[in-house]
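Colleague: Could you look at this predicted model? Sequence included:
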Amino acid sequence: MGCGSKVKEDRDHELYTKKFLQTIKLLLLGTGESGKTTIIKQMKILHINGYSNDERREKIPFIRQNIHESIYDIVSNMNRINPPVEAQNEESKASIEYILNLGPDCPSEFTEEYIYHVKTAWADGGVQKTFQRSNEYQLIDSAEHFLNQVDVVSKPDYIPTNQDILFCRIMTVSISKIEFDMPVPKQYGGGKAEFWMFDVGGQRGERKKWIKVFAGIQGILFLIAASDFDLMLREDTTVNRLEESFRLFQDIYSSEYVEKVAMIVFLNKQDLLQKKIEQGRKLSKYFPEYSHFNVSDTSEYEKAKLFMKQKLLGIAQTPVNVEKSVKRGKNITERIAPRDTYIHYTIATDTNNIKRVFDSVHESILRTTVQEVGLL
């Protein structure tokens, strides 16, 4: 019996190894809240039959937490931002005080009293002004989406929509994997290719786990929240989020572990970037070199997009020296030549946008990986 068990174990390992070698493995990287987990959700919607009703109901506690976290973070910062903001009437003041007294933890139930106070506070002009200044404190991107539908979320028969699931923020603190198939164009042999996509936490404390999934990776999807140009890190409020993303991309790009890996960058959250630029937020306030970036006959939003793309290409087109370990504890320095880096503008919460982008990058991924994994 023991012998048979060992044979089965060896056979299972052999099958897994064969599958591993023939699978295209993609790694999602980027700083916290850049949209990596949202891409994983989109792959499930687009390629794996979406979410069942049971899976949708499992998201409700997290959505409710998003609602409470959002309204609490807004009202608790009204007196902290400079200059501070006041509620515009006594009714709103009472609702704000009610929410502050609850504290940051989401209540176990969304009672009628709680719903009333959240809606009253959210409708207040002072709260709205504080929301518009959310770059001065920490607030999740889904705040507006969920605070606008508190009534819907609080119904007993509420089932989250795809859009609700995409907007739902759950901090990633472990490595997760999703498997899906995509068609292979005829010029690459036809049929289907199996993909494994890995998602890991993007906060600084989670990045030490990244090395565990570098082995065997054929492509990196590096996400950058383009709209974060006026935000600071949750982990370090002295560090600009977009600047951190550029530095992290440079670190990953120059790593010896991924020197032969296809690099695809998603400049994500383009909808939020456009909204901020059109509201008059100045990119040059955070990136002074933007003042000298000249592009003729284009909108300020398009100019901002091109500026970020050029920052990335400047990194990707510069050869880097990498120190590698060799035998007997000695190190050697090798020069890594520039390699193709594909940059796309994305809105991770927009399924149609992500489908179009993946359709366009599909061939580039296959072109650089199919031969390596033995599908040809």
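Modeller: That came through fine.
Colleague: Output stretch 214-223 as PDB - backbone C-alpha positions only.
Modeller: The C-alpha trace of stretch 214-223 is given here as PDB (Å, rounded to 0.1, in the frame of the first residue of the first chain):
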ATOM      1  CA  PHE A 214       9.400  34.600  -9.800                       C
ATOM      2  CA  ALA A 215      10.600  31.100 -10.800                       C
ATOM      3  CA  GLY A 216       9.200  29.900 -14.100                       C
ATOM      4  CA  ILE A 217       7.300  33.200 -14.800                       C
ATOM      5  CA  GLN A 218       7.000  34.100 -18.500                       C
ATOM      6  CA  GLY A 219       5.300  37.500 -18.200                       C
ATOM      7  CA  ILE A 220       4.900  40.300 -15.700                       C
ATOM      8  CA  LEU A 221       1.900  42.500 -15.700                       C
ATOM      9  CA  PHE A 222       3.000  45.600 -13.700                       C
ATOM     10  CA  LEU A 223       0.200  47.800 -12.600                       C
END
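Colleague: Could you list the low-pLDDT ranges of the chain?
Modeller: Residues of the chain meeting the criterion pLDDT under 70: 1-21, 201-213, 322-330, 368-376.
Colleague: how about a cut-off of 50?
Modeller: 375-376 (pLDDT under 50).
Colleague: which stretches of it form helices?
Modeller: Under the criterion DSSP state H, helices of the chain are mapped to 2-22, 36-47, 53-57, 60-76, 90-102, 112-123, 125-132, 143-147, 150-153, 162-167, 241-253, 270-278, 300-316, 351-373.
Colleague: looking at these, which is closest to residue 289?
Modeller: helix 300-316 (8.4 Å; Cβ to Cβ). For the C-beta atoms, the positions are set from N, CA and C on the backbone; glycine is no exception.
Colleague: Which elements pack onto the closest one?
Modeller: The contact analysis (3 or more Cβ pairs under 8 Å, 6 or more residues apart in numbering; DSSP states H and E) places helix 300-316 against helix 241-253, strand 262-268, helix 270-278, strand 341-345.
Colleague: Could you look over the ones you listed and pick the most buried one?
Modeller: strand 262-268 (a mean of 25; mean count of other Cβ atoms under 10 Å).
Colleague: and that strand, C-alpha only, in CSV?
Modeller: What follows is strand 262-268, C-alpha atoms only, in CSV (Å, rounded to 0.1, in the frame of the first residue of the first chain):
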residue,chain,number,x,y,z
ALA,A,262,8.1,39.7,-21.0
MET,A,263,7.2,43.1,-19.3
ILE,A,264,3.7,44.5,-19.8
VAL,A,265,2.7,47.7,-17.9
PHE,A,266,-0.8,48.8,-17.2
LEU,A,267,-1.1,52.5,-16.5
ASN,A,268,-4.3,51.9,-14.6
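Colleague: From the contact counts, what lies against that strand?
Modeller: When contacts are defined as 3+ Cβ pairs under 8 Å, 6+ apart, strand 262-268 sits against strand 219-225, helix 300-316, strand 341-345, helix 351-373.
Colleague: I'd like those as a markdown table, with distance to residue 145 appended.
Modeller: Formatted as a markdown table, those follow (distance: least, Cβ to Cβ, whole Å):
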| stretch | distance to residue 145 |
| --- | --- |
| strand 219-225 | 16 |
| helix 300-316 | 21 |
| strand 341-345 | 21 |
| helix 351-373 | 15 |
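Colleague: first to last residue in stretch 115-130, what's the distance?
Modeller: 20 Å (Cα to Cα, to the nearest Å).
Colleague: Give me the residues contacting that stretch.
Modeller: Identification of contacts with stretch 115-130 by Cβ atoms under 8 Å, 6 or more residues apart in numbering yields 67-68, 71, 74-75, 77-78, 81, 85-89, 91-92, 94-96, 98-99, 147, 150-151, 154.
Colleague: Of the helices and strands packed on helix 300-316, which is nearest residue 223?
Modeller: Here strand 262-268 is closest among the helices and strands packed on helix 300-316 (Cβ to Cβ), at 4.8 Å.
Colleague: what lines up beside the closest one in the sheet?
Modeller: Applying DSSP bridges, strand 262-268 is found paired with strand 219-225 (parallel), strand 341-345 (parallel).
Colleague: and the angle from the longest one to helix 36-47?
Modeller: So that's strand 219-225. Here strand 219-225 runs at an angle of 120 degrees relative to helix 36-47 (axes from the mean of the first three to the mean of the last three Cα atoms, to 10 degrees).
Colleague: Give me the residues contacting strand 219-225.
Modeller: For strand 219-225, contacts defined as Cβ under 8 Å, 6+ apart pick out 24-31, 33-36, 39, 197, 241-242, 245-246, 249, 252, 258, 261-269, 272, 308, 312, 348, 365, 368-369.
Colleague: sorry, back to before: wait, which of the helices of the chain is closest to residue 291?
Modeller: When these are compared (using Cβ to Cβ), the closest one is helix 300-316, at 10.5 Å.
Colleague: Buried residues of the closest one, list them for me.
Modeller: The neighbour-count check on helix 300-316 (16 or more other Cβ atoms under 10 Å) flags 303-305, 307-309, 311-312, 315-316 as buried.
Colleague: Sweet, I'm off.
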